[in-house]
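Peer 1: Take a look and give me a structure for this.
(2 chains, ligands or ions: 1)
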Amino acid sequence: MATEQQEHLKIEQLRQQSADEIETIAGREKENLEGWIPTLASDAEIREALEKAFDYRGDVTITRKDGSKIEGYLFDRRSGTSLSDSFVRVIPSNERTKVNVSYSDIAALAFTGRDNAAGKTFEAWVKKYWEKKAAGEKNIQIEPEKLD
Amino acid sequence: MAVPVSQAWTVATYVLKQKLAGRKRYPLVLMLEPLFRCNLACAGCGKIQYPAHILKTDLSPEECFKAAEECGTPMVSIPGGEPLLHPQMPEIVAGLVARKKYVYMCTNALLLKEKLHLFKPSKYLSFSVHLDGEKEHHDFSVCREGGHDIAMEGIRTAVAAGFRVTTNTTLFDGADPNSVRRHFDQLMAAGVESMMVSPGYTYDKAPDQNHFLGKAKSRRLFRAILSNRKKSWEFNTHPLFAEFLMGKRNFECTPWGMPTFSIFGWQKPCYLLQDGYADSFKELMETTEWSNYGAKSGNPQCANCMVHSGHEASAVDYNFGTLKGFIETAKAYMFPSTYPDQEAEKLLNEWKPAHAMPLVQIQGATKDQLQPVSGD
Ligand code: SF4
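Peer 2: Model prediction:
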């Protein structure tokens, strides 16, 4: 789920106009989170960083307070009233399982994986298409990335 | 009739049973996402942006069957990712058909011709082919030159082999209603059973964030497309949902109507938004704060949503929930209207293709330039 900050363009647009009148809806502002190591000094910082990690489409690395690390895709978070009853759920990058980590067990968080949603706009594709066409290429496409 | 009578009957009796049992919230179609990887990389898609280890993970057939049994819907839609990349897709489809589920296997059809022999025609199985418009529009929309021709060939081959084939078309800002209407003609001529059309959802994760239709433009566009419709066009969406798209009526969203299951679990709250995951269908229904979603909730992520996965179930519920809804729907099915509308005609005639770039024309990719994509 995007945070308010990430959705601010749409929120601003909806403040000015009713949804029923909007012609083209504002998209989401891209935030460059790849490589980010948030400071987790307060409860609020921990919650915000983990919300962003939940929204992030790349792997993250969590260091637990006992020093152990888990690297993987953070696909869910469950927010309770305190840090100890809130937890994230991670699919490790090397195993098909789901691991729970309590917010209160987290010593450090790093956005270590590539942001797979950092993207290519439609305009960029059209530009690329014409460049390739001019160069005489055939079968022009945005190819899905190789998985190995 | 856009769906076989047996399917309409199964769905009607299922919904009536839910109503008689007093169930306020019931699911209608399971959206089963057995994988996220795809052989296309569309700029408007927000479904496939994951790390490689996630993209390589598949739901097993057993996990798929368990999900279908848990939620108990009469229909199962299999989007993705591209389901034909799943090595066990024929087994999954056969297992769902054996359970008498009406299956819509959504595909971009790049591999349909190659893999068709792995499936058996059945009244329970329909290939729902993703085609966003005429050649030029589709190829640009899916960011692949030649994609349209391969998909159309897949459609013709599947129709000739006796399969039910439907289509789904997603429209983004820049869609040209005149072209969409020609696209409908082409699809019906290719022998598809029926078609579906829906506005693109504003996916946070879509690489392209600048071409999502707002509600005002969506309604105008759908009014231009779906009014004065040809008698030959068949749609497999509920007629009142089509009226919703045309701005003739309003429905609040029914996020639980098409629950989504993937390798992450049951997605809260709907097919489009990701606000967490439940481990069981029961948990999904009981722990999701449903009042946080839908246009009425004030949630900015729902403000612009008009998509079928959120609103068609609302039309179906209205259909069976009130006498008025029942009569209106019966009338729409028995005496289908072509929605004559002079204003819509004018809209069509005056519509200027409003591309964000010069109107482009992909020139005749010949058959031998189109290399079939190999799957897994
Ligand atoms: S309005 Fe759309 S995005 Fe929001 S819950 Fe309903 S279907 Fe999902």
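Peer 1: all contacts plus neighbour counts: C-alpha atoms, from now on.
Peer 2: OK.
Peer 1: Name the single longest helix found in chain B.
Peer 2: helix B:5-20 (DSSP state H).
Peer 1: And it, what's buried?
Peer 2: Residues of helix B:5-20 classed as buried: B:7, B:10-11, B:14-15, B:19 (neighbour count, 16 or more other CA atoms under 10 Å in any protein chain shown).
Peer 1: what does stretch B:343-353 give?
Peer 2: B:344-345, B:347-348.
Peer 1: so can I have TSV of these showing distance to chain A?
Peer 2: Shown next, in TSV, are these (distance: CA to the nearest CA, whole Å):
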residue	distance to chain A
B:A344	17
B:E345	20
B:L347	15
B:L348	17
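Peer 1: who's in contact with the residue of the stretch 51-200 of chain B at minimum distance from chain A?
Peer 2: As assessed by CA to the nearest CA, chain A sits closest to B:R144 within the stretch 51-200 of chain B, at 4.1 Å. B:R144 is in contact with A:139-142, B:40, counting by CA atoms under 8 Å, 6 or more residues apart in numbering or on different chains.
Peer 1: mind running it again at 6 Å?
Peer 2: Residues near B:R144 by CA atoms under 6 Å, 6 or more residues apart in numbering or on different chains: A:Q141.
Peer 1: Run through the residues of the stretch 151-300 of chain B sitting next to chain A.
Peer 2: Counting by CA under 6 Å from any CA of the partner chain, the stretch 151-300 of chain B comes close to chain A at B:204-205, B:207-209, B:212-217, B:274-276.
Peer 1: okay, those residues in TSV with pLDDT and secondary structure next?
Peer 2: Shown next, in TSV, are these (pLDDT from 0 to 100; DSSP: H, G, I helix; E, B strand; the rest coil):
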residue	pLDDT	secondary structure
B:D204	80	coil
B:K205	79	coil
B:P207	79	coil
B:D208	81	coil
B:Q209	80	coil
B:F212	85	coil
B:L213	85	strand
B:G214	90	coil
B:K215	92	helix
B:A216	92	helix
B:K217	90	helix
B:Q274	93	strand
B:D275	95	strand
B:G276	96	strand
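Peer 1: May I see the residues you listed organised as a markdown table, with neighbour count and distance to the ligand added?
Peer 2: Shown next, in a markdown table, are these (neighbours: other CA atoms under 10 Å in any protein chain shown; distance: CA to the nearest ligand atom, whole Å):
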| residue | neighbour count | distance to the ligand |
| --- | --- | --- |
| B:D204 | 26 | 11 |
| B:K205 | 26 | 13 |
| B:P207 | 22 | 18 |
| B:D208 | 26 | 18 |
| B:Q209 | 23 | 16 |
| B:F212 | 25 | 13 |
| B:L213 | 27 | 14 |
| B:G214 | 26 | 13 |
| B:K215 | 24 | 12 |
| B:A216 | 18 | 16 |
| B:K217 | 18 | 17 |
| B:Q274 | 18 | 9 |
| B:D275 | 18 | 10 |
| B:G276 | 20 | 13 |
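Peer 1: residues contacting A:E45?
Peer 2: So A:E45 contacts nothing (CA under 6 Å, 6+ apart).
Peer 1: I meant to write B:M105 there.
Peer 2: By CA under 6 Å, 6+ apart, the neighbours of B:M105 are B:77-78, B:127-128.
Peer 1: That one belongs to a helix, doesn't it?
Peer 2: No - assigned with DSSP: H, G, I helix; E, B strand; the rest coil, B:M105 falls outside any helix and is strand.
Peer 1: host element of A:A118?
Peer 2: Using DSSP states H and E, A:A118 falls within no helix or strand.
Peer 1: What separation do you get for it and chain B?
Peer 2: Separation of A:A118 from chain B (CA to the nearest CA, to the nearest Å): 7 Å.
Peer 1: Likewise for A:V126?
Peer 2: Separation of A:V126 from chain B (CA to the nearest CA) stands at 8 Å.
Peer 1: and the gap between that residue and the ligand?
Peer 2: From A:V126 across to the ligand, the span is 28 Å (CA to the nearest ligand atom, to the nearest Å).
Peer 1: Could you check how many residues crowd around that residue?
Peer 2: A:V126 has 17 neighbours, counted by other CA atoms under 10 Å in any protein chain shown.
Peer 1: can you tell me how far it sits from B:Y293?
Peer 2: Note on A:V126: its distance to B:Y293, by CA to CA, to the nearest Å, is 35 Å.
Peer 1: how many other residues sit next to residue 124?
Peer 2: The chain I'm using is chain A. Applying other CA under 10 Å, we find 12 residues neighbouring A:A124.
Peer 1: ah, I was thinking of chain B
Peer 2: B:Y124: 23 surrounding residues under other CA under 10 Å.
Peer 1: so how far is the ligand from it?
Peer 2: 26 Å.
Peer 1: Likewise for B:F140?
Peer 2: Distance from B:F140 to the ligand, by CA to the nearest ligand atom: 25 Å.
Peer 1: Dump the buried residues of helix B:5-20 into TSV; add pLDDT and distance to chain A as well.
Peer 2: As requested, those are exported to TSV (pLDDT from 0 to 100; distance: CA to the nearest CA, whole Å):
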residue	pLDDT	distance to chain A
B:Q7	92	35
B:T10	94	35
B:V11	92	32
B:Y14	94	32
B:V15	92	31
B:K19	91	31
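Peer 1: could the residues you listed go into CSV alongside distance to A:Q5?
Peer 2: Listed next are these as CSV, based on distance: CA to CA, whole Å:
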residue, distance to A:Q5
B:Q7, 45
B:T10, 46
B:V11, 42
B:Y14, 43
B:V15, 41
B:K19, 41
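Peer 1: what pLDDT does residue 134 get?
Peer 2: As the question left the chain open, I've gone with chain A. A:A134 carries a pLDDT value of 90.
Peer 1: I was after chain B.
Peer 2: You'll see B:E134 listed with a pLDDT of 94.
Peer 1: Count the residues that sit near it.
Peer 2: 19.
Peer 1: That one: what's its closest spatial neighbour, skipping adjacent residues?
Peer 2: Take B:E134 and drop its neighbours on the chain: the residue closest to it by CA to CA, 6 or more residues apart in numbering or on different chains is B:H183, 5.2 Å away.
Peer 1: looking at this, the one you found is in a helix?
Peer 2: Yes - judged by three-state DSSP, B:H183 forms part of a helix.
Peer 1: how far away is it from A:V126?
Peer 2: Counting by CA to CA, the gap from B:H183 to A:V126 is 22 Å.
Peer 1: ok, now B:S198?
Peer 2: 23 Å.
Peer 1: And B:M258, by the same measure?
Peer 2: Counting by CA to CA, the gap from B:M258 to A:V126 is 34 Å.
Peer 1: Can I take it that B:L284 is in a helix?
Peer 2: Yes - checked against three-state DSSP, B:L284 lies within a helix.
Peer 1: show me what contacts the closest residue to it other than its chain neighbours?
Peer 2: What sits nearest to B:L284 in space, not counting adjacent residues and going by CA to CA, 6+ apart, is B:A278, at 5.1 Å. Counting by CA under 6 Å, 6+ apart, B:A278 touches B:265-266, B:284.
Peer 1: Reformat these as a markdown table; add pLDDT, distance to the ligand and neighbour count.
Peer 2: A markdown table is the format used below for the contacts of B:A278 (pLDDT from 0 to 100; distance: CA to the nearest ligand atom, whole Å; neighbours: other CA atoms under 10 Å in any protein chain shown):
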| residue | pLDDT | distance to the ligand | neighbour count |
| --- | --- | --- | --- |
| B:G265 | 98 | 17 | 19 |
| B:W266 | 98 | 14 | 26 |
| B:L284 | 98 | 13 | 21 |
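Peer 1: What are the boundaries of the strands in the stretch 201-350 of chain B?
Peer 2: B:260-262, B:265-269, B:274-278 (DSSP state E, counting those that start in this stretch).
Peer 1: burial of B:T322, as a residue count?
Peer 2: When counting by other CA under 10 Å, one arrives at 11 neighbours for B:T322.
Peer 1: how close does it sit to the ligand?
Peer 2: Distance from B:T322 to the ligand, by CA to the nearest ligand atom: 22 Å.
Peer 1: B:A315 versus that residue, what's the distance?
Peer 2: Counting by CA to CA, the gap from B:T322 to B:A315 is 11 Å.
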